[in-house]
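Participant: sequence first, predicted model second:
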Amino acid sequence: MAEQSQPRIIETAASMRAEVRRLQREGLRVGLVPTMGALHDGHLSLVRMAQKSCDRVVTTIFVNPTQFGPQEDFSRYPRTLERDLQLLREAGCQYVFVPSKDEVYPPGYSTEVDPPAVAKRWEGECRPGHFRGVCTVVLKLFNMIPADVAVFGQKDFQQAAVLQQMARDLNVGMQIKIGPTIREVDGLAMSSRNRYLSPEERQRALSLSQSLNAAQAAVAAGEKRAVTLAAMIGETLQPQVDHIDYVAIADAETLEPVDAIGPNTVILLAVKIGKTRLIDNCLLSPTRHE
Ligand code: PAF
């Protein structure tokens with residue numbers, strides 16, 4: 001059975017590109033799911049989304065050093081390759097691209113992608129250089145793996161917006177799809193970083209989805225003022241989290257703050273619980289990414 005066979009592991013850009021071109025010459029459509037590994041059901045849902053419109057799927061696993069700040073968790077970021085490969089086999093993913101650091105950033109490498117305006121606020125302010133690293137590595141992955149479709153998660157809402165804009169601006173001829181956030185049964189958005197949380201911290205982390213749910217309920221009940229919603233969210237988060245990086249109520253396209261909830265508004269949250277930084281978001285108009 002196809003879904004039981006081990007995915008083919010490819011480590012070089014040259015073999016990866018040649019294989020994708022070969023598949024496309026055979027008339028097959030190729031999907032790309034870029035990840036940093038430590039896979040969970042959220043990632044696997046993106047693989048399944050790619051499978052819907054593609055004949056073959058390539059998942060990439062590369063913990064990209066250039067998107068981590070000096071004080072961030074690059075060295076302790078979970079690396080679980082054997083388990084990742086098992087999950088990808090079970091999901092029926094045919095290829096896993098696992099490049100070395102030198103394959104992606106060979107000695108002497110010095111070109112970077114300047115991220116679009118939508119990268120400026122929120123994560124862009126809290127994590128200087130982050131989106132430069134993300135745009136650079138993702139454009140490189142697009143060039144190494146010239147797939148037909150690439151899939152990213154809505155969990156990283158701003159990243160998805162940044163990459164869509166980059167793809168438009170730099171004429172990337174690949175369709176970009178965004179898959180919905182996958183949550184644990186209690187509402188916690190799935191994230192590779194959840195495994196850093198102690199049981200007590202994990203309990204407190206529920207305040208993110210709870211505050212978003214409360215805000216959505218308030219909007220459904222007629223609340224339109226961003227300032228009121230932000231205050232509500234802050235009140236839910238404050239007793240539970242150790243630091244609030246931001247509560248943003250913004251236009252889902254530009255990510256500029258709005259005063260009133262419109263037809264295309266997003267709430268973005270970033271907090272710290274203990275040493276772990278968590279983000280979550282919800283669209284107040286869920287039609288945008290469908
Ligand atoms: O979302 C991620 O896991 C990463 O930012 C990505 C898109 C794989 C780039 O390293």
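Facilitator: Perfect, thanks for sending it.
Participant: so which bits of the longest helix along the chain are buried?
Facilitator: Taking DSSP state H as the criterion, the chain has its longest helix at helix 199-220. By neighbour count on 16 or more other C-beta atoms under 10 Å, the buried set for helix 199-220 is 201-202, 204-205, 207-212, 214-216, 218-219. The way it works is simple: take the backbone N, C-alpha and C, and place the C-beta from them, glycine included.
Participant: phi and psi next, for residue 193.
Facilitator: Main-chain torsions, residue 193, degrees, to the nearest 10: phi -80, psi -10.
Participant: go on, residue 58?
Facilitator: Per degrees, to the nearest 10, the backbone of residue 58 is at phi -110, psi 120.
Participant: beta-bridge partners for it, please?
Facilitator: Residues found in beta-bridge contact with residue 58 (criterion: DSSP bridges) are residue 32, residue 95.
Participant: setting aside sequence neighbours, what's the nearest residue to the residue in the stretch 51-200 of the chain that the ligand sits nearest to?
Facilitator: Across the stretch 51-200 of the chain, no residue is closer to the ligand than residue 64, which sits at 3.9 Å (C-beta to the nearest ligand atom). Taking C-beta to C-beta, 6 or more residues apart in numbering as the measure, residue 64 lies nearest to residue 137, with 4.4 Å between them; neighbours along the chain are not counted.
Participant: what strands line up against the host helix or strand of residue 268, and which way round?
Facilitator: With elements delineated by DSSP states H and E, residue 268 resides in strand 265-273, which encompasses its position. According to DSSP bridges, strand 265-273 forms sheet pairs with strand 243-251 (antiparallel), strand 276-283 (antiparallel).
Participant: quick check, residue 253 in a strand?
Facilitator: No: with DSSP: H, G, I helix; E, B strand; the rest coil as the criterion, residue 253 is located in coil rather than a strand.
Participant: these two touch, right, it and residue 264?
Facilitator: Yes: judged on C-beta atoms under 8 Å, residue 253 makes contact with residue 264 at a distance of 6.4 Å.
Participant: which parts of the chain sit against the ligand?
Facilitator: Near the ligand, the residues belonging to the chain are 34-36, 64, 67, 134, 137-138, 156, 159 when assessed by C-beta under 6 Å from any ligand atom.
Participant: ok so, going back, between residue 253 and residue 264, which one's more packed in?
Facilitator: Neighbours were counted for residue 253 and for residue 264 using other C-beta atoms under 10 Å; residue 264 has more, 16 against 13.
Participant: how close does the more buried one sit to the ligand?
Facilitator: Remark: distance between residue 264 and the ligand (C-beta to the nearest ligand atom, to the nearest Å) = 23 Å.
Participant: what is the burial count for residue 179?
Facilitator: Burial of residue 179, expressed as a neighbour count using other C-beta under 10 Å, amounts to 21.
Participant: also residue 13?
Facilitator: By other C-beta under 10 Å, the burial measure for residue 13, its neighbour count, is 18.
Participant: and it, what does it touch?
Facilitator: Neighbour list for residue 13: 99, 103, 144 [criterion: C-beta atoms under 8 Å, 6 or more residues apart in numbering].
Participant: and what of residue 43?
Facilitator: Residue 43 makes contacts with 33, 35, 59, 87, 153, as judged by C-beta under 8 Å, 6+ apart.
Participant: top of these by neighbour count?
Facilitator: Ranked by neighbours (other C-beta under 10 Å), the contacts of residue 43 are led by residue 33, which has 33 neighbours.
Participant: isn't it right next to residue 147, touching?
Facilitator: No: with contacts counted by C-beta under 8 Å, residue 33 stays clear of residue 147, the gap being 9.3 Å.
Participant: which neighbours do these two share?
Facilitator: Between them, residue 33 and residue 147 share the neighbouring residues residue 58, with contact defined by C-beta under 8 Å, 6+ apart.
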